[in-house]
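> I would like the atomic coordinates for the input below:
(chains A and B)
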Amino acid sequence: MSGQLQSLLVSICLLVGPIVVFGVYKVRRNLRGIRQAERDALGYVPKPEPKPGILLRGFSAPERKYLLQLLRTTRYAFPLMSWLTLGIFSLPILDPRFFNHNTWNDPLAFLWFRTLLGAATFVGISCFIFGMITAAAVLATLRFGTAAQFFRTRPLGIGFLYWTSLIVVLGSELAGMLTGVGVAMLLLAAIHGPIWLHLPTAFPGVVTPNDGRLELYASLLATSPPRIFLSICTTTVLSLGVSAVLLAAPYSWPGRQGSRPNVLPALAMAFGMCSLIVLRAVLDLNDVHLPTWLFVYSRLGPPPPYAFALIPVAISACLLILARYLIGKSEV
Amino acid sequence: MNALAIETHSLTKVFSGIRGATRAVDGLSISVPEGSIYGLLGRNSAGKTTTIRMLMGLARPTSGSSRIFGLDPTSERERVAMLRLVGYVPEDKTLLGLTARKLFELNRCFYPETWSDDLARKAVERLELPIDTPFLKLSMGNKTKSALITAIAQRSRLLILDEPTTGLDPVSLDALLGLLVEDCTADGRTILVSSHQLAEIEQISDHIGILDRGKLLLEDRLDQILSSFRRVTATGTALPKIGPAILSARSEGNSSQYILQGDPNSFVAGLVSDGATVADSAPLSLNEIFLELCRSQKAEEPAFGEVQP
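Okay, here's the model as predicted:
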């Protein structure tokens, strides 16, 4: 096995392993609790509802219950996203290969280059996927299967269900991602110091004429880290908007029921993945205008202006409002 | 005249598909009086579930309208007020949550003004539901019981039950019917129950609507329906084969067996005055009425559910 592959596998294990171990622990703990409850065979005596906190007092009892249920369901989203982002952003910091196998005379500059390259790749791939997952999580309670059938027949407005799910899920996800990025940067600064402040102004190594590394280094110097991190948020929100419209569209199927809840999510996700591939292909074209305008900062180099961050936010807001309209028209 | 809990006017649902459109519900107009137990009967694919899904706002009518206590389920403004008044058991009994206990604890908070823990406890005991067994391990009957208790304990003004007896054994079924009659119709509450299990519906319903191929074949009080159908065997010459009161007629020699609808007594009187002898005259059970109506409908319509050009 090559060293690179071995290193990749170790990295994946480090990233996913704790999540799997925690998941297994939680499932086993829940099963133990259920078995105990079955043995005890207690009668139905409901636990008293806790008094609502200040933030929840303005809501009606059904709305409070839904919000608490939502927060309960999404309570792992923040730590999960933090962990995943921290892991992805810390891989170059923790991987000794970056010091041993580089052709730069300044390993710290190379480390910073790999960190930003990882961040740009994160914008180009992970943010699109996370946006789609967020849309699926938000619309699951409104569009598909048992959850939708249950919550849409409780005395809760569809708008309330939609916007609260959106705010809670998206908020947890973005907060998790930004926390992960922040902790990774702190880790980098703690181990190696603020290397972004001490980059050599010329390429740190021996170069030959037409050496491609010169261009890479120039793009590193031109890159704006804060805008890459901002792009993480805007790209996720943009992908969320597109995916939400796709999932909320009122598909109608022939047959006894208007929709096939068990098939639709898979089909919609497959369609979303195809759209993602097409979108990526479009963005990868040499025409840099579209990614710039959409603030998809997925390549090292000169950044788009800060003001352009408003464009994906505005587009996404329109798409999310459209999705809200469509979800009101959709069948479960 | 009672106020109406549910009323629909020319409610229609057409599903479009590659092979053409299917008219699942076709101009349905029903009236469910408040305080009644209304049995919505029909064969498989008669349109019962689609009708209920439209009433609950889970499907949108292609045309026509419906009202629940005067509230429009398709209007977002009226929907929430309507849902406060309705308990619903869907056809698909897949349940949300991990156990029945957790489902009850979740649902009770959505109906803080009407939910009854005592009624939930009573129903759990009567139906012998294991409330801490995970849904994955529960039998179909126990899943049905969980869904039913969740809706019953809401004590809503209207209970809509879509195939509520799926998987229930006779003992549980008897207990359920008892619960519905004793506890759910108190205080003038209304129940709409859809089923093709006619014997159970006949036990508890006071109003019946019979649906076939999306169309309403019959709607009335149960006692009115039972009294307006009769099987009459008559002998004589030149017995009529068709007539406004004749739903079906089978002749054998000089004897005919009629299934009569509407005013059987005046038809029988007419036969006698024409010189025929009435050998037998017997009421029909709801099951027989249902079968006769479905047969006569089948004979009238060539294609099932297809939208006519």
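
> okay, CA-based contacts and neighbour counts for the rest of this
Fine.

> Spatially nearest residue to B:Pro90 (excluding sequence neighbours)?
B:Asp162 (5.3 Å; CA to CA, 6 or more residues apart in numbering or on different chains).

> Assign the closest residue to chain A within chain B to helix, strand or coil.
For chain B, the residue closest to chain A is B:Phe110, as judged by CA to the nearest CA, at 4.2 Å. At B:Phe110, secondary structure determined by DSSP: H, G, I helix; E, B strand; the rest coil is coil.

> one step back: hang on, the residue nearest to B:Pro90 packs against B:Thr51?
No - counting by CA atoms under 8 Å, B:Asp162 does not reach B:Thr51; the two are 10.1 Å apart.

> who's more crowded, these two?
Between B:Asp162 and B:Thr51, B:Thr51 has the larger neighbour count (other CA atoms under 10 Å in any protein chain shown), namely 27 against 22.

> and that one, what is it in contact with?
B:Val25 (CA atoms under 8 Å, 6 or more residues apart in numbering or on different chains).

> how does the chain divide into domains?
I went with chain A, as the question did not name one. Annotated domains of chain A cover A:1-48, A:55-329 [automatic domain parsing].

> switch to chain B, that's the one I care about
Split by automatic domain parsing, chain B gives B:4-222, B:228-300.

> which of these sits most buried?
domain B:4-222 (a mean of 20; mean count of other CA atoms under 10 Å in any protein chain shown).

> residues in contact with stretch B:202-214?
B:23-28, B:30, B:32, B:36-43, B:45-48, B:177, B:181, B:216-223, B:286, B:290, B:294, B:297, B:304-305.

> related to what we said a few turns ago, in this structure the residue of chain B closest to chain A contacts A:Phe151, no?
No - using CA under 8 Å, B:Phe110 and A:Phe151 do not qualify as a contacting pair, with a distance of 9.9 Å.

> Could you pull up the residues touching the spatially most central residue of chain B?
Among the residues of chain B, the one closest to the centroid is B:Leu40, at 1.3 Å (CA atoms, centre = their mean). By CA under 8 Å, 6+ apart, B:Leu40 lies in contact with B:Lys48, B:Leu192, B:Val193, B:Ser194, B:Ser195, B:Ile208, B:Gly209, B:Ile210, B:Leu211.

> For these, which two are the farthest from each other?
The most widely separated members of the contacts of B:Leu40 are B:Leu192 and B:Leu211, with 13.7 Å between them, by CA to CA.

> Low-confidence stretches in the stretch 51-200 of chain A?
Where the stretch 51-200 of chain A drops to pLDDT under 70, the residues are A:95-103.

> ok and the residue in it nearest chain B?
Minimum separation of the stretch 51-200 of chain A from chain B (CA to the nearest CA) falls at A:Pro62, amounting to 4.2 Å.

> show me what contacts that residue?
A:Pro62 makes contacts with A:Pro155, A:Leu156, B:Cys109, B:Phe110, B:Tyr111, B:Pro112, as judged by CA under 8 Å, 6+ apart.

> Quick check: which element contains it?
For A:Pro62, the host element (DSSP states H and E) is helix A:61-73.

> Buried residues of that helix, list them for me.
Neighbour-count burial for helix A:61-73, counted by 16 or more other CA atoms under 10 Å in any protein chain shown, picks out A:Ala61, A:Pro62, A:Glu63, A:Arg64, A:Lys65, A:Tyr66, A:Leu67, A:Leu70, A:Leu71.

> which residues are in contact with stretch B:244-264?
B:228-237, B:239, B:241-242, B:267, B:292-293, B:296.
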